[in-house]
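Participant: this one's sequence-less:
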């Protein structure tokens, strides 16, 4: 059995894939597992013995002809075809796309044979997106910034591969000891993030460390990061001149970072690869989660992993962050920290309001949980409007054989616009509408009769979900007010 796993995302995503690949190898010990990554992030595979062969997608070679003075599309396409042909020749039994991106879906389709089992985003033969399995459909509908998902990506990967983790899946690799020496006790801080908007400015980090040093004096602080983040480290040092800072930014390889992270008393940083390396070394972690990052999906999985959540840097009180960090090293968990938890949801946070309702809706849709209780009249009104437009859509679908798609199509398009507007006006219902839209995408090519039958089935399922909020005998007093906003 030969399996190809495609992971074309960044370093952190690859490290989050490690436990799933180990579990896959454990479940299929005789299988030959290949992992496809981008060359830029190939260093994240070093030490991953569960992979029998690491393949780098030659992105630069493929795209180089397109960035010349005169773009050479033919040569670029030829090089892409050579890569695809090489992968096709491997004759994979299973192709697993853990990248969840449109580009990766085309590649997945191109390297899959007629009898290949495909998991993840791919394409139908007509080029339209194919959500090949239930996990892909869930990912498309519910995962990402400003979505309702609260399941960690590592656990989503395991669900797609139909594996369960054991402790040995979460271990650091066995690598050569680095040549540099660090103090016996120190704190590690990653100065950057996977994307700039997810990071704190060096001034904010500097003020945090300056206060921390006054509160918890004497503990060395080791700065880590890529060579491109060296200027950030220099600014942090200037902003905290009294702190005992050791600057290792740009001075380690990716694999050497494992040793730095593993020996640290705690790792501090924003959304980034070191956070996920610390999950494999089980290093206590303080993840400063900024902006639209969904920490439920990408936060630390270390046993002592904590989230410090802020909407933006303007709302950050650096002295308080320094205090929280000092308290944590003294064994006290500040009230604003969100700790790790066991179970489906990785972090223990009891919250209320729209986000809690949305997560409850997700559990009702996918896990058979109870529908969350509507605590706003707008939810009932939005559900009533959704019921009306859904009934209208089903009536129109039933008329397609008689009047034809050309006549009915514009009416269905208008219905889709109204449904999308309901999602914006009543955000509590967005998980349900996202589910519906993902199911519509899963309708594959077929005869008009087959497509209509499948679409009707989806609308019928939507109707059953909506009925939880629109009892047949309910009298909606202010539906007209919502009508005026849609």
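Facilitator: Great, that's in hand. Since we're looking at a predicted model, the values are computed, not measured.

Participant: What residue spans form the domains of the chain?
Facilitator: By the record's domain assignment, the chain is partitioned as 2-169, 187-339, 357-483 (automatic domain parsing).

Participant: And the helix ranked longest in the chain, how far out from the chain middle?
Facilitator: Using DSSP state H, we find that the single longest helix of the chain is helix 377-403. Relative to the mean C-alpha coordinate of its chain, helix 377-403 is positioned 32 Å out (Cα atoms, centre = their mean, to the nearest Å).

Participant: in it, what's buried?
Facilitator: Within helix 377-403, the residues that qualify as buried by neighbour count (16 or more other Cβ atoms under 10 Å) are 378-390, 392-394, 396-397, 400. The C-beta positions use only the backbone N, C-alpha and C, and glycine is treated the same way.

Participant: In the next helix or strand after that helix, which of the residues would be classed as buried?
Facilitator: Along the chain past helix 377-403, the next helix or strand (assigned with DSSP states H and E) turns out to be helix 405-425. For helix 405-425, the buried set under the neighbour-count rule, 16+ other Cβ under 10 Å, comprises 408, 411, 415, 418, 419, 421, 422, 423.

Participant: so residue 119 bridges to which residues?
Facilitator: Counting by DSSP bridges, residue 119 is bridged to residue 96.

Participant: residues contacting it?
Facilitator: The neighbours of residue 119, taking Cβ atoms under 8 Å, 6 or more residues apart in numbering as the test, are 94, 95, 96, 97, 132, 133, 135, 136, 160, 161.

Participant: sorry, back to before: what's the closest of the buried residues of helix 405-425 to residue 343?
Facilitator: Checking the buried residues of helix 405-425 against residue 343 by Cβ to Cβ gives residue 423 as the nearest, at 28.6 Å.

Participant: what's the closest one in contact with, if anything?
Facilitator: 429, 430, 433, 434.

Participant: Take these and keep only those in helices.
Facilitator: In helices, defined here by DSSP H, the members of the contacts of residue 423 are 430, 433, 434.

Participant: separation between the second one and residue 100?
Facilitator: Applying Cβ to Cβ, to the nearest Å, one obtains 20 Å for the distance of residue 433 from residue 100.

Participant: re the thing from before, taking the contacts of residue 119 one by one, which sit in strands?
Facilitator: Helix and strand membership here follows DSSP state E; of the contacts of residue 119, those in strands are 94, 95, 96, 97.

Participant: In the stretch 1-150 of the chain, where is pLDDT below threshold?
Facilitator: Applying pLDDT under 70 to the stretch 1-150 of the chain picks out no residues at all.

Participant: how about the strands in it?
Facilitator: If you assign secondary structure with DSSP state E, counting those that start in this stretch, the strands in the stretch 1-150 of the chain sit at 2-6, 32-37, 53-56, 94-97, 117-119, 121-123, 129-131.

Participant: For those, give me CSV that also has distance to residue 266.
Facilitator: Converted to CSV, these look like this (distance: least, Cβ to Cβ, whole Å):
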stretch, distance to residue 266
strand 2-6, 32
strand 32-37, 29
strand 53-56, 31
strand 94-97, 34
strand 117-119, 36
strand 121-123, 37
strand 129-131, 40
